[in-house]
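[1] how would this look folded up:
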Amino acid sequence: MPTTNHTPEEKAALTEFFAAIKEGEAGRAPYVKDAPEAMRRLARAVYGHDNSQALTVAACLASIYNGAHARPVQLDEIRQLDWSLLKDLLSVMVGTGRSEEFSDEDIRRAFEEVGGKDGVDCLHWYTTGGPHRAALARLVAYIQEHRAASSARSLRDLLTSIADSKSTASLAGLNFIDDNHTRDFVLVIDGLFGRDQGSLSIEDVSEALRGAKLL
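    Numbers count the residues shown, from 1 in each chain. Below you'll find the predicted structure:
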C-alpha cells in the first residue's frame, strides 16, 4: 500500500512548493483585478484610431482573443508602446489566464461596450486578416488612381506576378515605390507567404485586381 508519510526533506519541499504557488497567486491578483477596466481602456484606445500604438495594441488583443488567425506581433512592437498601454495590456494578458475571473470573451465585450456592433467588427477585423486585406485594397486603389505613374506600374506588375504565374516582375520596381506603399506591399506578402501566412490567398489578390479591371 502507498504510504502518505514523508521525510522531513519531502515535507520541506512541499511546503516550499505550495508557498511559491501562494506567492505567485498573490503577485497575479492585482493584475487580474484590474483586467476588466484595463480592457475597457484599451478598447477605447483602439476603436476609431489608426496610429501605430493603437494598431499594435489591437494586434495584441486579437492574438489573445483568437491567436490562430490574428496577425502575430513582434516583441519590439510591444516594447515601443507607451507605459500606460503596456501596463493595461499586461493586466489583460495575465487576467485571461484566470477564466473564472476574466476570459477572452471579456475582450469582445469591451469592444462592444465602446462601439456596439461596429466595435465587435473592429476586433474581428484584426482576427481575420483585416489589416492585410486593407493593405491590398489601398494598393489597388492607388494603382487605379495613378495608372500612368511609374510607382503604380511597378505595383501593378508586382501584384500581377503574384496573381498570374505566367507574369514576372522585377523586385527592383520597389525602388519606385514610397515607404507607405512598400509597407502595404510587405504586409500583403506577409499575409501570403510570411509570418502571417494564410491571412490572404493568391485568389484574394486576383479578385482585387480583376475587380479593379487591372488583370
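
[2] what strand or helix carries the residue most central in space within the chain?
    When Cα atoms, centre = their mean is applied to the chain, the residue found nearest the centroid is A59 (2.4 Å). Using DSSP states H and E, A59 sits within helix 52-66.

[3] ok, now F185?
    Going by DSSP H and E, F185 is in helix 179-192.

[4] just the buried positions in whichever helix or strand comes after that helix, please.
    Sequence-wise, the next helix or strand downstream of helix 179-192 (DSSP H and E) is helix 202-211. For helix 202-211, burial by neighbour count (16 or more other Cβ atoms under 10 Å) applies to 204-206, 208-209. For every residue, glycine as well, the C-beta is placed using N, CA and C.

[5] report the distance from helix 202-211 to the chain centre.
    Mean C-alpha position of helix 202-211 versus that of the full chain (Cα atoms, centre = their mean, to the nearest Å) differs by 23 Å.

[6] how does the protein divide into domains?
    8-128, 131-211 (automatic domain parsing).

[7] how long is the last one from one end to the other?
    End-to-end span of domain 131-211 (Cα to Cα, to the nearest Å): 19 Å.

[8] give me the low-pLDDT residue ranges for the chain?
    1-6, 10-27, 67-72, 98-99 (pLDDT under 70).

[9] could you list the residues in contact with stretch 95-109?
    The contact list for stretch 95-109, computed with Cβ atoms under 8 Å, 6 or more residues apart in numbering, reads 28, 31-32, 34-36, 38-39, 43, 61, 64-66, 92, 120, 123.

[10] could you dump that stretch to CSV, C-alpha only?
    Output of stretch 95-109 as CSV, limited to C-alpha atoms (Å, rounded to 0.1, in the frame of the first residue of the first chain):
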residue,chain,number,x,y,z
GLY,A,95,-6.1,38.3,-16.5
THR,A,96,-7.1,36.0,-19.3
GLY,A,97,-5.2,33.2,-17.7
ARG,A,98,-7.8,33.1,-15.0
SER,A,99,-11.0,32.3,-16.9
GLU,A,100,-13.2,32.3,-13.9
GLU,A,101,-12.5,35.9,-13.3
PHE,A,102,-11.6,37.3,-16.8
SER,A,103,-11.8,35.5,-20.1
ASP,A,104,-11.1,36.3,-23.7
GLU,A,105,-14.8,36.9,-24.2
ASP,A,106,-14.4,40.0,-21.9
ILE,A,107,-12.2,41.4,-24.7
ARG,A,108,-15.1,41.1,-27.2
ARG,A,109,-17.5,42.6,-24.6
